[in-house]
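Undergrad: coords please:
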Amino acid sequence: MNNDGGMGGGRLCVGRWLPLGSYQAVFFDNCRFGQRQIAVFATVALSLLAGACDRQEKQAEAPVRPVRVITVTEQQAGETVTLSGVVEAKTEVDLAFRIGGRMIKRFVNVGDRVEAGQLIAQLDSQDEENAVRAAKATLSAAEGKFFEAEQNYDRQRQLLSRGHTTRQRYDAAVQNLNTLRGQADVARAQLATAKTRLNDTNLNADAPGEVTLRNVNSGEVVQAGQMIVRIARKDGRDAVFDAPPSLMSRGTTDADISIALSIDPAIVAKGRVREIAPQADAQTGTFRVRVGLSDPPAEMRLGSSVVGRVTLEGQAGMALPASALSRANGTPSVWVFDSASETVSPKPVEVAAFRASDVIVSGGIAPGDVVVTAGIQSLRPGQRVRLLGQPS
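TA: Predicted coordinates for the structure are as follows:
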């Protein structure tokens, strides 16, 4: 290159193209440059560098993101809900003595089957037996006095009719008779009470059932009304579940519920909701639901763990996993996959309901659309993606 502009005082400048990494650079030997020439060469160098960066960006295209997808389908007519519970007696009663005393004998233990009228436990009855004897003696004395007063009344009545006694004596005989009659009635009532207390020293089962709990041992002093044993009556069994509040508005008492034994799902029974607690449990926030079993098999013993399944009414729309839902501009949206371009784009949707593991979408997408369910955090509009399970 001949320098006519004062570069090197008319000396010849020679340039050489040398490789520099993936690019080439020009090096000049034995040249002197002025400020103007330096600016020109700096501009050329920057242009070359910018072109190299553009080529590098074109070479480093956006990576293809792996994602998981599902094909949108219409929701089924109903949703099957599964809950775990236990078998309990339909009716349980706590048997207790009506009087206090020292229990000398308990004839049953947990697991024993009892019949109606069977003796369960006994109290020490010595005091009650003495009370009965005393009441009998009191009644005998009262009846003797009443008999004597009755004879005296008959005599005074006959004498008064013949005019051989005064009206005053007759009235006194009537009054004495009424008084002694009342005393005899009191003595009879006291005897009946004493006999009842004596009978209350024996605790009997009022219906057939099975002992599920005992509370007192022989030799202990018990109070009136203190539970001795708990009896599960043989008038039916319930499957008891703790249902979340979200099911309360969707369930129905007329639905048939399938109950299966946890350890052996082949043992099943049918049931219907018999009772729903009106108030949620303070600790768990769930509602106690009792399902009456129809002809439960013998294997479904009290306390057995069971699984209940019921189909609830479905909600119109399409069910999507909760992981597919995102937000764009403050509205719910999903990423829809285009198989032709192998890219994704966001699409606003209308959410009808949120459930435990999925959401019900009522608009914005249609059956047959392919929606991304995993990997949405790294997506952008027009992003090329690769479906997991397919080769890169």
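Undergrad: domain assignment for the chain?
TA: Following automatic domain parsing, the chain resolves into domains at 14-59, 65-76+317-387, 81-87+235-313, 126-199.
Undergrad: mind putting those in JSON lines, distance to residue 225, mean pLDDT and mean neighbour count included?
TA: Bear in mind the C-beta positions are built from the backbone N, C-alpha and C, glycine included. Formatted as JSON lines, the domains of the chain follow (distance: least, C-beta to C-beta, whole Å; pLDDT from 0 to 100; neighbours: other C-beta atoms under 10 Å):
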{"stretch": "domain 14-59", "distance to residue 225": "88", "mean pLDDT": "50", "mean neighbour count": "11"}
{"stretch": "domain 65-76+317-387", "distance to residue 225": "45", "mean pLDDT": "82", "mean neighbour count": "16"}
{"stretch": "domain 81-87+235-313", "distance to residue 225": "23", "mean pLDDT": "87", "mean neighbour count": "15"}
{"stretch": "domain 126-199", "distance to residue 225": "15", "mean pLDDT": "94", "mean neighbour count": "15"}
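Undergrad: Of those, which is nearest residue 94?
TA: Across the domains of the chain, the minimum distance to residue 94, taken as C-beta to C-beta, is reached by domain 81-87+235-313, at 15.6 Å.
Undergrad: out of the domains of the chain, which comes closest to residue 215?
TA: domain 81-87+235-313 (17.6 Å).
Undergrad: right, and the domains of the chain - which one's nearest residue 97?
TA: Proximity of these to residue 97 was assessed by C-beta to C-beta; the nearest stretch is domain 126-199, lying at 10.4 Å.
Undergrad: what's near enough to touch the closest residue to residue 324 other than its chain neighbours?
TA: With sequence-adjacent residues excluded and distances taken as C-beta to C-beta, 6 or more residues apart in numbering, residue 324 is closest to residue 373, at 4.5 Å. Applying C-beta atoms under 8 Å, 6 or more residues apart in numbering to residue 373 gives the contacts 67, 68, 69, 70, 320, 321, 323, 324.
Undergrad: which of those residues sit farthest apart?
TA: 67 and 320 (14.4 Å).
Undergrad: send the alpha carbons of the helix or strand harbouring residue 271 over as PDB?
TA: Per DSSP states H and E: residue 271 is located in strand 268-276. Extracted C-alpha coordinates of strand 268-276, given in PDB (Å, rounded to 0.1, in the frame of the first residue of the first chain):
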ATOM      1  CA  VAL A 268     -66.500 -55.500  49.400                       C
ATOM      2  CA  ALA A 269     -69.800 -54.200  50.600                       C
ATOM      3  CA  LYS A 270     -72.200 -51.500  49.500                       C
ATOM      4  CA  GLY A 271     -73.400 -48.600  51.700                       C
ATOM      5  CA  ARG A 272     -75.000 -45.200  51.800                       C
ATOM      6  CA  VAL A 273     -74.400 -42.000  53.700                       C
ATOM      7  CA  ARG A 274     -76.300 -42.300  57.000                       C
ATOM      8  CA  GLU A 275     -74.900 -39.300  58.900                       C
ATOM      9  CA  ILE A 276     -72.800 -36.200  58.200                       C
END
